[in-house]
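[1] Generate a structure from the sequence data that follows.
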Amino acid sequence: MKINLPEDVRTIINTMEKAGFEAYAVGGCVRDCLLGKEPNDWDITTSAKPEQVKSLFRRTIDTGIKHGTVTVMLNRVGYEVTTYRIDGEYEDGRHPKEVIFTGSLREDLRRRDFTINAMAYSEKEGLVDLFGGQQDLENKIIRCVGDAKERFTEDALRMLRAVRFSAQLGFTVDEDTISAMKELAPNLSKVSAERIQTELVKTLVSDNPGNLKIAYECGLTKVFLPEFDLCMECGQNNPNHIYSVGDHILKSVEYAEPERILRLAMLFHDLGKPRCRTQGEDGYDHFYNHAAVSSELAEEVLRRLKFDNHTIDLVSRLAKSHDNRIEPGKKYMRRAMNRLGEDLFPLYFKVQRADVLAQSDLNRDGKLEWIAKNEQDYKEIIEAGECIGLKDLAVTGKDLIEAGVKPGKEVGIILNQMLNLVLEDPENNEKSRLFELCLPKRP
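    Prediction:
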């Protein structure tokens, strides 16, 4: 198996080999090449110690020299070069207490998480695959290097990484690996919220976001997203639905485009349903006010997982508004844009469409047609540059004060009266017209 190494990577490896050291491209870049994908970055492993690596190259950065990593800069690109190492005892289920440098490539590869990430390559030696990674790639299996329980005990985040790789690659997770995840799932509580957030988002924006169900089945979501577990266990005895709340959520995520905010919104849009379920006189389940509760939960969970404020704001607002039903007609759309916020709408229709597609087929075409009409109204409003907020109003507070309105509360009241007239009919957005309609006694 031949891999075409980038010129810079070849230069680094050749330089170290000429100096008497071993050096290989390693890990994800090798995996991606074998899958026919372009690697995002290239990592190199070597028998050389960090100081020896630094002596061979003109420009280096001590990225993680304590753990053997030096970044070599070539042509303004950084390449991480790490000394073969053996990880010492893991005290916190996440980080080794110490690392021990070794001269053995095998020892370095055997400490890695999954077989598909434990392969190395150099033009001199070819592919080094000591743990069956190439075979697992062909069989589309995620499998731990060596004993799965040992790998997950060392680093609990690896359990979520197994889910993430299965979602990104469309692979199944090997049975022994699944068993170890089920047994050691509580250890995920030792992992920081930021690291969990990263793996969750990568899973959601992958080609197979529904594989998040593996995390549920293994008990991982119980640790970091117990609200989702309640959804998986909450049925929906309602003609509009054919899935549990949780399975509906996963289906809606799959129907949404692989965009971070959008897929997070789908994950959270129905999270409040278990708290709102009631049975009506018709014998069906109903979920009154679930959008508002879902919005509150979205904000709570996203803060717990250390998401940024912009993400929290957009996702919680999309969850709150996802069940809104806007009457067709541009005056209704203008009012909705003013009420919900114009910035929501590029994603708003996508959320509603994914939600409908993940429901039963009861009146599906009618629901989708309604959304399409709303979207067309929105596009026409945007194209026409119509006023949907005070910032676009032809009259300002200063204009009113100059016209004799007393500064203070009355200014705001009149501006909102004017805005309502403009939302009803955009032709009213003309200064003299608004003065005529709202200030008939103007001197």
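[2] residues touching Pro50, list them.
    62, 65, 68-70, 83 (Cβ atoms under 8 Å, 6 or more residues apart in numbering). Where C-beta positions appear, they are placed from N, C-alpha and C, glycine not excepted.
[3] Is there a quick PyMOL command that grabs whichever of the residues you listed are buried?
    Filtering those down to the buried ones (16 or more other Cβ atoms under 10 Å) takes a single PyMOL command:
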select buried, resi 65+68+69+70+83
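[4] how would you label Thr82: helix, strand or coil?
    Of the three states, Thr82 takes strand according to DSSP: H, G, I helix; E, B strand; the rest coil.
[5] in terms of contact, does it touch Thr46 like I think?
    Yes: in terms of Cβ atoms under 8 Å, Thr82 counts as a neighbour of Thr46; the distance is 7.3 Å.
[6] between those two, who's got more neighbours?
    A side-by-side neighbour count of Thr82 and Thr46, using other Cβ atoms under 10 Å, places Thr46 first with 27 against 24.
[7] isn't the more buried one right up against Arg85?
    No: Thr46 is beyond contact range of Arg85, at 10.6 Å (criterion: Cβ under 8 Å).
[8] circling back to that earlier point, list just the nearest of the contacts of Pro50 to Leu344.
    Leu344 lies nearest to Thr69 out of those, by Cβ to Cβ, at 42.6 Å.
[9] Domains of the chain: list them as residue ranges, please.
    What automatic domain parsing lists as the domains of the chain is 1-135, 140-224, 242-384, 390-438.
[10] mean confidence score for the first one?
    When you say that, I think you mean domain 1-135. Taken as a whole, domain 1-135 carries a mean pLDDT of 92.
[11] Can you give the distance from it to the centre of its chain?
    Mean-position distance between domain 1-135 and its chain equals 28 Å (Cα atoms, centre = their mean, to the nearest Å).
[12] Reformat the domains of the chain as a markdown table; add distance to Leu230.
    Below are those laid out as a markdown table (distance: least, Cβ to Cβ, whole Å):
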| stretch | distance to Leu230 |
| --- | --- |
| domain 1-135 | 26 |
| domain 140-224 | 10 |
| domain 242-384 | 4 |
| domain 390-438 | 40 |
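[13] looking at those domains, which is buried most?
    Among the domains of the chain, domain 140-224 has the highest mean neighbour count (mean count of other Cβ atoms under 10 Å), at a mean of 20.
[14] Show me how far that domain is from its chain's centre.
    What separates the centre of domain 140-224 from the centre of its chain is 15 Å, taken as Cα atoms, centre = their mean.
[15] now do stretch 129-149
    Centroid separation between stretch 129-149 and its chain, computed with Cα atoms, centre = their mean, is 26 Å.
[16] Identify the residues contacting that stretch?
    1, 31, 34-35, 106, 109-119, 127, 151-152, 158, 162, 165-166, 169-174, 176-177, 179-181, 183-184.
[17] ok, the residue nearest in space to the middle of the chain to Gly412 distance?
    The centre of the chain sits closest to Val201, judged by Cα atoms, centre = their mean, with a distance of 2.5 Å. Distance, Val201 to Gly412, using Cβ to Cβ, to the nearest Å: 40 Å.
[18] how many other residues sit next to Pro226?
    Residues lying near Pro226 (other Cβ under 10 Å) number 10.
[19] what's the longest helix along the chain in contact with?
    In the chain, with assignment by DSSP state H, the single longest helix is helix 364-384. Outside helix 364-384, the residues that touch it by Cβ under 8 Å, 6+ apart are 325-326, 328-330, 332-334, 337, 345, 349, 352-353, 356-357, 359, 388, 426.
[20] what do you get if the cut-off is 6 Å, keeping everything else the same?
    Applying Cβ atoms under 6 Å, 6 or more residues apart in numbering, the contact partners of helix 364-384 are 326, 328, 330, 333, 345, 349, 352-353, 356.
[21] Make a markdown table from those and add distance to Arg76, pLDDT and secondary structure to it.
    Below are the contacts of helix 364-384 laid out as a markdown table (distance: Cβ to Cβ, whole Å; pLDDT from 0 to 100; DSSP: H, G, I helix; E, B strand; the rest coil):
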| residue | distance to Arg76 | pLDDT | secondary structure |
| --- | --- | --- | --- |
| Ile326 | 50 | 96 | coil |
| Pro328 | 54 | 94 | coil |
| Lys330 | 51 | 97 | helix |
| Met333 | 48 | 97 | helix |
| Phe345 | 40 | 94 | helix |
| Phe349 | 41 | 98 | helix |
| Gln352 | 45 | 98 | helix |
| Arg353 | 43 | 98 | helix |
| Val356 | 48 | 98 | helix |
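[22] Save those as CSV, and put in distance to Lys54 too.
    Conversion of those to CSV gives the following (distance: Cβ to Cβ, whole Å):
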residue, distance to Lys54
Ile326, 62
Pro328, 67
Lys330, 65
Met333, 62
Phe345, 53
Phe349, 54
Gln352, 56
Arg353, 54
Val356, 58
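[23] Sketch out the strands for the stretch 251-400 of the chain, chain order is fine.
    Taking DSSP state E, counting those that start in this stretch as the criterion, the stretch 251-400 of the chain carries its strands at 278-279, 285-286.
[24] Show me the contact partners of the last one.
    Under the contact criterion Cβ under 6 Å, 6+ apart, strand 285-286 has outside partners 236-238, 277-280.
[25] Can you read off the pLDDT for the closest residue in space to Asp207 that isn't next to it in sequence?
    Among residues not flanking Asp207 along the chain, Gly170 sits closest, at 6.3 Å (Cβ to Cβ, 6 or more residues apart in numbering). Here, the pLDDT recorded for Gly170 equals 98.
[26] Gly170 is in contact with Asn208, isn't it?
    Yes: the criterion here is Cβ atoms under 6 Å, and Gly170 meets it with Asn208 at 5.3 Å.
[27] Could I get the contacting residues of Lys213?
    Leu250.
[28] let's go with 10 Å and repeat that
    With contacts defined as Cβ atoms under 10 Å, 6 or more residues apart in numbering, Lys213 is in contact with 163, 167, 221, 228, 232, 246-247, 250.
[29] so Thr63 sits in a strand?
    Yes: membership of Thr63 in a strand is supported by three-state DSSP.
[30] how close does it get to Lys37?
    In this structure, Thr63 and Lys37 are 25 Å apart, going by Cβ to Cβ.
[31] now do Glu259
    Taking Cβ to Cβ as the criterion, Glu259 is separated from Lys37 by 21 Å.
[32] what do you get for Ala354?
    Using Cβ to Cβ, Ala354 is found at 27 Å from Lys37.
[33] hmm, back to that, can I assume the residue nearest to Asp207 is in contact with Asn211?
    Yes: proximity of Gly170 to Asn211 meets the contact threshold set by Cβ atoms under 10 Å, at 8.4 Å.
[34] Any stretches of the stretch 301-443 of the chain with poor pLDDT?
    440-443 (pLDDT under 70).
[35] what do you get if the cut-off is 90, keeping everything else the same?
    Scanning the stretch 301-443 of the chain for pLDDT under 90 picks out 439-443.
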